[in-house]
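A.B. asks: Provide a 3D model corresponding to the input given below.
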Amino acid sequence: MVEFALVAPLFFLLVFGLIEFGRAMYYVQILNNAAREGARYAIVHGSAALCPSGPLPGGGTNPCDPSGANVVVAARRYAFGVVDNGTLTVTRCWNSISAPSASCDNAASNFGPGNDQRGSPVYVQVSLTYSTILGSLVPIPTFTIQGESTLVVNH
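C.D. replies: Below you'll find the predicted structure:
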């Protein structure tokens with residue numbers, strides 16, 4: 001009994017630590033998949049599509065989805081399995097191949113300086129504030145995990 005009392009806390013800490021690590025890696029994979037599906041939606045619905053998503057080339061007016069909100073909807077749809085406590089955010093940026101710059105994140109456009117013409121890259125990032133299951137027992141702070149994808153508009 002004494003040996004068990006000495007070893008049990010370490011054993012359970014190791015077991016629950018492995019579970020939390022596995023859960024966090026699962027969330028990363030789900031967010032990567034969601035970002036890829038959001039970017040796929042954006043490249044399929046380029047400026048030549050029947051219902052384009054995002055900014056049109058030449059500053060034209062997009063009657064269907066000018067802000068790229070359908071890209072966000074597509075990414076959120078594929079982020080199943082994650083516990084979303086209101087912190088799931090989707091950022092989309094046309095004509096960017098890496099993390100969005102300040103010009104992509106501005107509230108006025110939220111899709112950057114580019115457009116959805118054929119050959120333009122689209123960057124989608126899905127991020128979530130992750131909190132552990134054992135947060136009440138072990139004081140582990142929350143942290144942000146994210147998935148991202150960059151694809152090229154082909155329609």
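
A.B. asks: before we move on, what's the pLDDT of the residue lying closest to residue 44 once chain neighbours are set aside?
C.D. replies: For residue 44, ignoring the flanking residues on the chain, the nearest one in space by Cβ to Cβ, 6 or more residues apart in numbering is residue 155 at 5.6 Å. (Glycine included, C-beta is placed from N, CA and C.) pLDDT for residue 155: 72.

A.B. asks: pretty sure residue 155 sits against residue 42.
C.D. replies: No: assessed by Cβ atoms under 8 Å, residue 155 is found out of contact with residue 42, at 10.1 Å.

A.B. asks: so these two - more neighbours on which side?
C.D. replies: Neighbours were counted for residue 155 and for residue 42 using other Cβ atoms under 10 Å; residue 42 has more, 31 against 13.

A.B. asks: contacting residues for the more buried one?
C.D. replies: The contact partners of residue 42, by Cβ atoms under 8 Å, 6 or more residues apart in numbering, come to 53-54, 68, 71, 92, 94, 116, 122, 124, 151, 153.
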